[in-house]
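Trainee: Predicted model follows, preceded by the sequence.
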Amino acid sequence: MAKTMKSRYCIHRRYAGMTKKNIFLVIGRTVTTVAVGVKAELPPKRNGISMDERLIRLCKEGQLKEAVQALHGMEKKKQGFEVGSETYACLLQKSGHIKALTEGKQIHMHMLNTGIHLNDFLTTKLVIMYSKCGSLEDARKLFDKMPERNPACWAAVIVVYSRHGQCKEALRLFHRMQEEGVKADNFIFPSVLKACASLNALEEGKEIHESIRRSGFELHVFVGSALIDMYAKCKSVEEARLVFNKMPDRNVVSWNAMVAGYVQNGHGDEALKLFRQMQVASVKPNVITLASVLPACAKLMALPQGKEIHGYIIRSKMESDVFVGSALVDMYAKCNNLGIARCVFENMCQRNAASWNAIIAAYAQNGNTDESLRLFHRMQSVGMKPDLITWTALVTGYAQNGQCKEALELFSQMEATGLKPNVTLWTSIIGVYAQNGYGDEALKLFNEMQLTGVKPDVISWNAMIAGCAQNGNGTEALKLFCEMQLAGIKPNSITITCILSACANLAARPQGREIHDYIIRTEFKLDVFVGSALVDMYAKCGSIKDAREVFDKLHDKNVVSWNAMIAGYAVHGHGEDALMLFNHMQEAGMKPDKVTFTGVLSACSHTGMVDEGLHYFSQMSQYNITPCMEHYACIVDLLGRAGYIDKAYDLIDNMPVKPNACVLGGLLSACRTHCNDELGERVAKRLFVLEPENSGNYVLLSNVYAARGRWNDVAKMRKLMRDKGVQKQPGYSWIELKSQRHAFVAGDRSHPQTEEIYAMLDNLARQMREAGFVPDRNMALYDIEDEQKELLLSHHSERLAIAFGLLCTPQGTTITVVKNLRICIDCHVAIKFISQIVGRQIVVRDANRFHHFKDGQCSCREYW
C-alpha cells in the first residue's frame, strides 16, 4: 500500500511533517487529502476534468462568481472530497486582485465549513486577500492568530495599513516585525517609506533608509523610488536627489518621483531641467510625468516651456488622457492664457471631475466668477456631480474676489447637498471675512468650523490672526496666537510674521519680545521674512536699537529687510542713519524699490533735510522708478514742514497725476503749522470733495481758523460737520503695563485711579508753570476763557496716560504711550517739560512718528 502510494503520489514537502489524521497529497498541480492508512482516490472528474482544474480554469477566465457558485454546489451535493490548497490560493488571489471582498469571504467560509486545515500558506493568502480588499479588521484578526508569520504576511498587513492612512500602525508593525527577527524585503520597505512620507516623519525615514542600506536593497529600483518620494514629501529634496543620483538603474517611476518632488518643494526650474534630462536619457515620459511637470510650468508662469511640453504631448498622442488635459488647462490658466485653457478644455475627448474643476478654478482664480458659475451649472447639466474640490474652487474664487455674500451663499448651498466642508474650504470663507474687516463674522465661522468636527490647521489660524492684525485688532490676534499653541498647532513663518505685525501695530513691545524669545527658544528658522518682521516690530514699538541688532544679525537680507530698517530710522527721526543705511544698501548690490524711496524721503521730511530730500526724489529716475502718490506726499510734507508752502503748492499743481487726499492733507497740515489760513481754505475745499466724510480735514481747517482767532469760522466749520453728519474721530491714548492695556480719552474720569491721575497732573502743572511753561491756547478749539482752555489742554489723553505711567512705574523706567492721532503742539511742549521735571524718558508714538522726550528735549527737533 505504502509502496503503491509512493509510486503514484508524492507528499508535498510543505506538509511532509504533518501527523494529523489527514495528510495533503499533490497530484500534478492539484492538492487533495487522504486518510492515513486508506487508499487514496482521485477526485471525481466532470467530462474528464477534475473539480480543482475546473475551478482554476474559471478563476483564470475571470469567472470568479461562477467558481464560488461551483464551490457552493459541491458543498450542497456533499461529494466527499475537498478542494486543494493551491485551488483555494488561486481563488483567494483572484478575489484580492479584483477586490471582490464578498466572494473572498464566501471562499473563506467554504474553507471553514469543509474543515480544511488553515496552514501558514492558506492563512497568508487569506490575509493578503483581505488586505487587498481593504478589510483591515478581518486581515488583522487572522494575522494576530498566526503563531508564526512569514514576510509575505507582514508585508500584507503593513501595506494595507499604509494604504488606508493608518501610517503610525504600519510603522509600529514594521518595528514589531524587526523585533521578531523577520527581515524586510523590497515589498515591505516601500510601504513603510510611504507611511513615513504621509506622517512627514523624516528622522524615522532616515532610520529605515539605514536599514535598507544594511539589507542591500538601496539600489533596488522600487525601493529607491520610494526613498526619493519619502525624502521629497518630507521636504528634504536634496536627500532625494542624492538617492536618485546613486541609483544604477532608473525607470520612469524613479524619474517621476524626482520630478514630482521638485515640483512639490517649489523647485519648478529643477523639475523642468530634470524633465529634459529624462528625455536625453531615452526614458519616455508617461502621463504621470506630464501631469507632474506641467504644474511646474504653471508655478513658474513658464508659458513657452508649457507650450513646448504641450507639443510633445500632441506628438506622443497623449492629449486624450484626461489627467494630462486637466493639467494643461490648469497650466494655461495660471500662465494668464485663459483662452487657450478654454480651448484645450472644449477639445478634450472626455472630461472627469478634475477637468471641470480645473476650468472652473481657472475662471474663478482669474476673477471671472460669473463664467466659473456658468461652467459649474453646465457641469451639473451633463450629469457630472460637483465634488468638494469643485465647491472649494468656486467658493474660494468668490472669496478672493471680495464677494463675501456670494461666497457664503455658495458655501451654504454646498452644505445643503450633504457635502461636509473640509478645512481648506472653511479657511477660504473665514479668510475672506477676516481680511475684509468682518472680524466678528470670521470668528463666528471659525468657531462653527470646530463645532462641526473640523480641526483648524495652521493655515486656518493664520487666516484669523492675519485678518485681526490687518484690521487693527491686534489684541484679538495675540489672543488667537495663544489659543493656537494651546490647541497644539505649531506656528509657521507666516504665523510669526502676522503676530509680529499685530505687536507692531499695538506698540506691544513686551509681547513682541516674547515672540522673539519663542523664535530663539524653539530654534525657529529666522528667514528673511521673519527677520524683517522683527525689525519692523522693534522699530514700531519704539526700540530702534533692538531693530538694528536684529537687522545686523540677518544673514540673508532682501529689499524688504533694508526697507524695514530705513523706515524704522525715518519714523524715529534718525534721518542721517536712514540715508547712511540707504548708501550701504546700494553698496551691497541691493536695488532700491518704491518703498525704499518712500522711507528715504520720509526720513528727510522728519528731520528737515530739504536739499537731500529733493536730491533723492530726482534720483528715482536713475532706478527706473516713477514717483507715485506716496513720494509726492513725502515731498509736499518735506517742503511744508520747512515753511516752503508755496513751493509745495506749485509742486502739487505740476504733478503729472491728479493729487489724492494724502498729498493735499500734507499741505493742509503745513498750513495749520504756519497759520496760512488763505491757502488752507483752498486746499481744504479740494479735500472736502475728495473725502467728504473725513473729519480730520474739517478739524485741520478749524485748527487753522482757531490759530488766527477766527472763531466765527470755527463755529461755521462745526455746523458744516453737523449738517453733513461728519463725526470727529475721537482721540485716545493708551499705555501698557504688566500686559494690560490702559486707554484714555480727553477728560477721561472712568479709570479706577482717576483721583490719583488728576492729582499727579495738577502737581505737574504747578511745577511746569514754575519752570516757565506757557500753554498754547490756540490749540483749544473753543472760544472760551483762557483758564478753561488751559484746563482742557492739560487733560488731553496722552497726558492722562503719562500721569498714570508715572504713578505705576518705578523711577528710571521709560514710559511709552501710543496715540491714535497726531500729538498737539501744546502737549508736545508740555511733555518736554514733564520729562525734565520727573527725570524720565518718555516715548510717544502718534499717528505720524515717534517722539523721544528726554531732559526737556524731543528727538523730532520740532520737525513733526
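Mentor: Received, thanks.

Trainee: For the chain, just list every one of the strands.
Mentor: 10-11, 22-27, 30-35, 45-46, 49-50, 732-737, 740-745, 815-819, 842-845, 850-854, 857-858 (DSSP state E).

Trainee: What pairs with the last one, parallel or antiparallel?
Mentor: Read that as strand 857-858. strand 850-854 (antiparallel) (DSSP bridges).

Trainee: The partner strand versus strand 815-819: what angle between them?
Mentor: 150 degrees (axes from the mean of the first three to the mean of the last three C-alpha atoms, to 10 degrees).

Trainee: which other residues reach strand 850-854?
Mentor: Residues from elsewhere that reach strand 850-854 (C-beta atoms under 8 Å, 6 or more residues apart in numbering): 542, 571-573, 823, 828, 831-832, 834-835, 841-845, 858-860, 864. Every C-beta, even on glycine, is put in place using the N, C-alpha and C of the backbone.

Trainee: which among those residues end up buried?
Mentor: Neighbour counting by 16 or more other C-beta atoms under 10 Å classes 542, 571-573, 823, 828, 831-832, 834-835, 842-845, 858-860, 864 among those as buried.

Trainee: Identify those among these that sit within helices.
Mentor: Among these, the residues falling in helices (DSSP state H) are 571, 828, 831-832, 834-835.

Trainee: From Gly467, how far out is the closest residue to Ala469 other than its chain neighbours?
Mentor: Counting by C-beta to C-beta, 6 or more residues apart in numbering, Ala469 lies nearest to Ala502, which is 4.0 Å off, once chain neighbours are set aside. Distance, Ala502 to Gly467, using C-beta to C-beta, to the nearest Å: 11 Å.

Trainee: For stretch 200-208, buried residues please.
Mentor: Buried residues in stretch 200-208, counted by 16+ other C-beta under 10 Å: 201-202, 204-205, 208.

Trainee: Distance to Ala156 and pLDDT for the residues you listed - can I get that in CSV?
Mentor: Putting the buried residues of stretch 200-208 into CSV (distance: C-beta to C-beta, whole Å; pLDDT from 0 to 100) gives the following:
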residue, distance to Ala156, pLDDT
Ala201, 22, 94
Leu202, 27, 95
Glu204, 21, 94
Gly205, 22, 94
Ile208, 19, 95
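
Trainee: Farthest-apart pair in the residues you listed, please.
Mentor: Leu202 and Ile208 (10.7 Å; C-beta to C-beta).

Trainee: which residues do the two both contact?
Mentor: Joint contacts of Leu202 and Ile208 (C-beta under 8 Å, 6+ apart) are Cys196.

Trainee: So for Arg672, what's the pLDDT?
Mentor: Per-residue pLDDT puts Arg672 at 86.

Trainee: I'd guessed it sits against Ala707; true?
Mentor: Yes - between Arg672 and Ala707 there is a contact under C-beta atoms under 8 Å: 6.9 Å.

Trainee: OK, contacts around Thr844?
Mentor: If you look again at residue 844, you'll see it is Val, not Thr. Contacts for Val844 (C-beta under 8 Å, 6+ apart) come out as 798, 816-819, 823, 831, 850-851, 853.

Trainee: and it, how far is that from Ser543?
Mentor: 14 Å.

Trainee: His110 now?
Mentor: 80 Å.

Trainee: Check Glu308 too.
Mentor: 53 Å.

Trainee: more neighbours, these two?
Mentor: Set side by side, Glu308 and Ser543 show more neighbours around Ser543, with 21 against 14, by other C-beta atoms under 10 Å.

Trainee: How about the more buried one: what's its closest non-neighbour residue?
Mentor: Arg509 (6.2 Å).

Trainee: tally of neighbours for the one you found?
Mentor: For Arg509, the neighbour count with other C-beta under 10 Å is 20.

Trainee: Tell me which residues touch it, please.
Mentor: Neighbours of Arg509 in contact, by C-beta under 8 Å, 6+ apart: 503, 538, 541-543, 816.

Trainee: which residues sit in contact with Val550?
Mentor: If you count contacts by C-beta under 8 Å, 6+ apart, then Val550 has 516, 531, 534-535, 538 around it.

Trainee: For ChimeraX, write a command that selects the buried ones of those.
Mentor: Remark: buried members of these, expressed as a ChimeraX selection using 16+ other C-beta under 10 Å:
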select :516,531,534,535,538
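
Trainee: Just give me the closest of the contacts of Val550 to Leu720.
Mentor: Of those, the one sitting nearest to Leu720 (C-beta to C-beta) turns out to be Tyr538, at 42.9 Å.

Trainee: That closest one touches Ser532, doesn't it?
Mentor: No - applying C-beta under 8 Å, one finds Tyr538 not in contact with Ser532, separated by 11.2 Å.

Trainee: shared neighbours of these two, anything?
Mentor: Joint contacts of Tyr538 and Ser532 (C-beta under 8 Å, 6+ apart) do not exist.

Trainee: Longest helix in the protein, please.
Mentor: Per DSSP H, the chain has its longest helix at helix 754-770.

Trainee: If you count contacts, what does it end up packed against?
Mentor: With contacts defined as 3 or more C-beta pairs under 8 Å, 6 or more residues apart in numbering; DSSP states H and E, helix 754-770 has these neighbours: helix 797-808, helix 825-838.

Trainee: List the contacts of the first one.
Mentor: What it means is helix 797-808. Identification of contacts with helix 797-808 by C-beta under 8 Å, 6+ apart yields 731-735, 737, 742, 744-746, 748, 751, 753, 756-758, 760-761, 764, 815, 817, 819, 823, 827, 830-831, 834, 838, 840, 842, 844.

Trainee: and that helix, average pLDDT?
Mentor: pLDDT averaged over helix 797-808 gives 95.

Trainee: just the longest one next, same as before
Mentor: Per-region confidence: helix 825-838 scores 93 on mean pLDDT.
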